[in-house]
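Enquirer: Turn this into a model:
(2 chains)
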Amino acid sequence: MTAMADPSALEFDQVTFGYGRLPVLREASLRIAEGEFVAVVGPNGSGKTTLMRLGLGLLQPSHGVVRLFGADVSRFRDRWRLGYVPQRASAATSLPVSVAEVVRTGLAGQLRPGRRGTRRHRERLEHVLDLMGLTAVRRQRLSELSGGQQQRALIARALVTGPRLLVLDEPTTGVDAEARAILRESLEHLVTVEGIAVVYVSHDPEGFAGMADRVVEVRAGRLVRVDPQAPAPTSQSV
Amino acid sequence: MEILQFGFMQRALVAATVIAAVAPLVGAFIVQRGQSLIGDGMGHMAFAGVGLAFLVGLNPLVGALALTAVAAVALARLTRVGVGGDLSLALIFYGGIAAGFFFSSRAGGGQNQVLSFLFGSPLNLGWDEVAAVTALAGAVVVIVIALYPQLVALAFDEAAARVAGVPTQGLVLALTVVVALVVVAGMSSIGLLLISAMMVIPVATAAQVTASYRATLLLASAIGAASAVIGLLVAFYANAPTGAAIVLVALGAYCATALTRLLARGLQRAAS
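Expert: You can find the predicted model right below:
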């Protein structure tokens, strides 16, 4: 780990990435501080999901460095500090899985083989189920819930370790208005009360309107800063 | 029951029931990961291992274990270097059956014995073989229990599991090795070509009526064990092949469950 005085939650330093010869990101630089809410926007295929996957260590940059809490992402070990909410399509399962089981899988990286969760783990599980309003449906099949409830189950899974950085990928896709309102309320609580850094990847600005400290657009493989209050994007360095 | 007076039936019941109860515990993870046919690939490689064992004078169990272990590692490597899951499985599948047939042909007198492993012959098992099958099945249960939280995370969402710190690459390899252990443990009682069915069918049956992963695993295991007992009885009284009878009973349970659900839904609709 690289020790830093005041490390960012997530930092991209001159990151370049491509699939084969096809460049997707070029010299992207971005710092996200703890407690900051950053929205990443861009049309489909612009590279915003690639940016997110690089940030989570699911892809390795061809050039440049990605740091999580000051450490190179490839050597980052404190995985409990990360929460990842994939697109809801990943909740489609072949087999039945209950809400509590889905949320519990968020703890799997913290458990040693042969060990079950501690009392603290169980308390965290109860806490996030309550926080996301899922206690009453904890034993239900995930596939039987509404789109909004499924989304909240995926968020609860991401929060169960008590992360300091939450990354959400298109969290409002296929979610009704009521669920969007609950999601918005939950995110505001996480940022303002718990001080969690949030990266919100979406093509839909309505989902984060009024909440984002910064909006970053991925445009032709480069990052441009957008004023969250501005109606149209303006190109600035990020 | 009179058939329990026969030692060969006692041994067949123990071996087939143990492996049919354990196979769905592994099957639940491969079905969720969309790899229902991986057991077939391992079965064909085990066939090559049995053929090789007869050719060089080894215990068939050792030959099957050795080649399926090689196949498990090769499958994980091929997938990692970008040979898609479907294609890498096909390479293992066809390589296994070709090598198996080649080795068994060269084994001369052993050819018939090699072929008996394809469809299983539990009535010919000795207690030492039953003990070996039980030990392998026990090892599978221990591994599944020890890695249960990580395996569920991997099966449900591999990317999220990796972000959460689950060592997914090692876990995928471990799961493939466990599949290989089930195939080897089941080859003498249910058969190399049919054992993968017992990993998948009881899981598909249980999934129709359960609400959780854990309940699916436990019910599928019970369905597997019951299919083995009923299948053996059917085979005994109808003078039918045992492995086929066990799998057909499991398939019958799946169809009966699906039909019952359809009927129940129809009645519900009619009532409302």
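
Enquirer: So which residues on chain A come close to chain B?
Expert: Neighbours of chain B within chain A, by Cβ under 8 Å from any Cβ of the partner chain: A:56-58, A:77, A:79-80, A:82, A:84, A:86, A:90, A:93-98, A:101-102, A:104-111, A:113-114, A:116-117, A:139-141, A:157-158, A:161. Every C-beta, even on glycine, is put in place using the N, C-alpha and C of the backbone.

Enquirer: Drop anything exposed from those residues.
Expert: Buried by 16 or more other Cβ atoms under 10 Å in any protein chain shown: A:56-58, A:79-80, A:82, A:84, A:86, A:90, A:93-98, A:101-102, A:104-111, A:117, A:140-141, A:157-158, A:161, out of the residues of chain A next to chain B.

Enquirer: hey, which helix is longest across chain B?
Expert: Looking across chain B with DSSP state H, the single longest helix is helix B:242-271.

Enquirer: what's the answer for chain A, then?
Expert: From DSSP H, the single longest helix across chain A is helix A:177-192.

Enquirer: quick one: average pLDDT of that one?
Expert: For helix A:177-192, mean pLDDT rounds to 83.

Enquirer: Next secondary structure after that helix?
Expert: strand A:197-201 (DSSP states H and E).

Enquirer: Would you point out which residue of the stretch 51-200 of chain B is nearest chain A?
Expert: Across the stretch 51-200 of chain B, the shortest distance to chain A (Cβ to the nearest Cβ) belongs to residue B:165, at 2.8 Å.

Enquirer: ok, that residue touching residue A:80?
Expert: Yes. Residue B:165 is within contact range of residue A:80, at 7.2 Å (criterion: Cβ atoms under 8 Å).

Enquirer: Need the residues touching each of those two.
Expert: Common contact partners of residue B:165 and residue A:80 (Cβ atoms under 8 Å, 6 or more residues apart in numbering or on different chains): A:109, A:110.

Enquirer: Let me see the contact set for residue A:148.
Expert: Residue A:148 sits in contact with A:175, A:176, A:178, A:179, A:180, A:182, A:183, where contact means Cβ under 8 Å, 6+ apart.

Enquirer: make it 7 Å
Expert: For residue A:148, the contacting residues are A:175, A:176, A:178, A:179, A:182, by Cβ atoms under 7 Å, 6 or more residues apart in numbering or on different chains.

Enquirer: And for residue B:67?
Expert: With contact taken as Cβ under 7 Å, 6+ apart, residue B:67 is in contact with B:45, B:46, B:48, B:49, B:52.

Enquirer: Could you check how far the helix or strand encompassing the last one is from the centre of its chain?
Expert: Assessed by DSSP H and E, residue B:52 sits inside helix B:38-56. With Cα atoms, centre = their mean, to the nearest Å as the basis, the distance from the averaged C-alpha position of helix B:38-56 to the chain average is 14 Å.

Enquirer: Just name whatever secondary elements it is in contact with.
Expert: The contact analysis (3 or more Cβ pairs under 7 Å, 6 or more residues apart in numbering or on different chains; DSSP states H and E) places helix B:38-56 against helix B:60-80, helix B:85-106, helix B:111-119, helix B:168-186, helix B:195-206.

Enquirer: which outside residues touch it?
Expert: Residues outside helix B:38-56 that contact it (Cβ under 7 Å, 6+ apart): B:30, B:59-60, B:62-64, B:66-68, B:71, B:89, B:92-93, B:96-97, B:99-100, B:103-104, B:106-107, B:110, B:113-114, B:117-118, B:176, B:179-180, B:183-184, B:187, B:192-193, B:195-196, B:199.

Enquirer: Quick check on the residue nearest in space to the middle of chain A: phi, psi?
Expert: The centre of chain A sits closest to residue A:167, judged by Cα atoms, centre = their mean, with a distance of 1.0 Å. Backbone torsions of residue A:167, given as degrees, to the nearest 10, read phi -110, psi 120.

Enquirer: shouldn't it be in contact with residue A:56?
Expert: Yes. Under the criterion of Cβ atoms under 7 Å, residue A:167 makes contact with residue A:56 at 6.2 Å.

Enquirer: what sits in contact with each of these two?
Expert: Shared contacts of residue A:167 and residue A:56, defined by Cβ under 7 Å, 6+ apart, are found at residue A:84.

Enquirer: residues contacting the residue of the stretch 51-200 of chain B closest to chain A?
Expert: Counting by Cβ under 7 Å, 6+ apart, residue B:165 touches A:79, A:109, A:110.

Enquirer: quick one: low-confidence ranges for chain A?
Expert: For chain A, the stretches flagged by pLDDT under 70 are A:1-6, A:88-91, A:226-238.

Enquirer: ok, residue B:146 - how many residues close by?
Expert: Look at residue B:146: counted by other Cβ atoms under 10 Å in any protein chain shown, it has 15 neighbours.

Enquirer: Please name the nearest non-neighbouring residue to it.
Expert: residue A:114 (4.2 Å; Cβ to Cβ, 6 or more residues apart in numbering or on different chains).

Enquirer: Just say helix, strand or coil for that neighbour.
Expert: coil (DSSP: H, G, I helix; E, B strand; the rest coil).

Enquirer: That one and residue B:144, how far apart?
Expert: Applying Cβ to Cβ, to the nearest Å, the value for residue A:114 to residue B:144 is 11 Å.

Enquirer: Overlap in contacts, those two.
Expert: Overlap of the contact sets of residue A:114 and residue B:144 (by Cβ under 7 Å, 6+ apart) is empty.

Enquirer: Enumerate every residue touching residue B:191.
Expert: Residue B:191 makes contacts with B:117, B:118, B:119, B:120, B:243, as judged by Cβ under 7 Å, 6+ apart.

Enquirer: in what helix or strand does the residue of the stretch 51-200 of chain B closest to chain A lie?
Expert: Residue B:165 belongs to no helix or strand when assigned by DSSP H and E.

Enquirer: Get me the contact residues on the stretch 1-150 of chain B for chain A.
Expert: Taking Cβ under 7 Å from any Cβ of the partner chain as the criterion, the stretch 1-150 of chain B approaches chain A at residues B:28, B:31, B:32, B:146, B:147, B:149, B:150.
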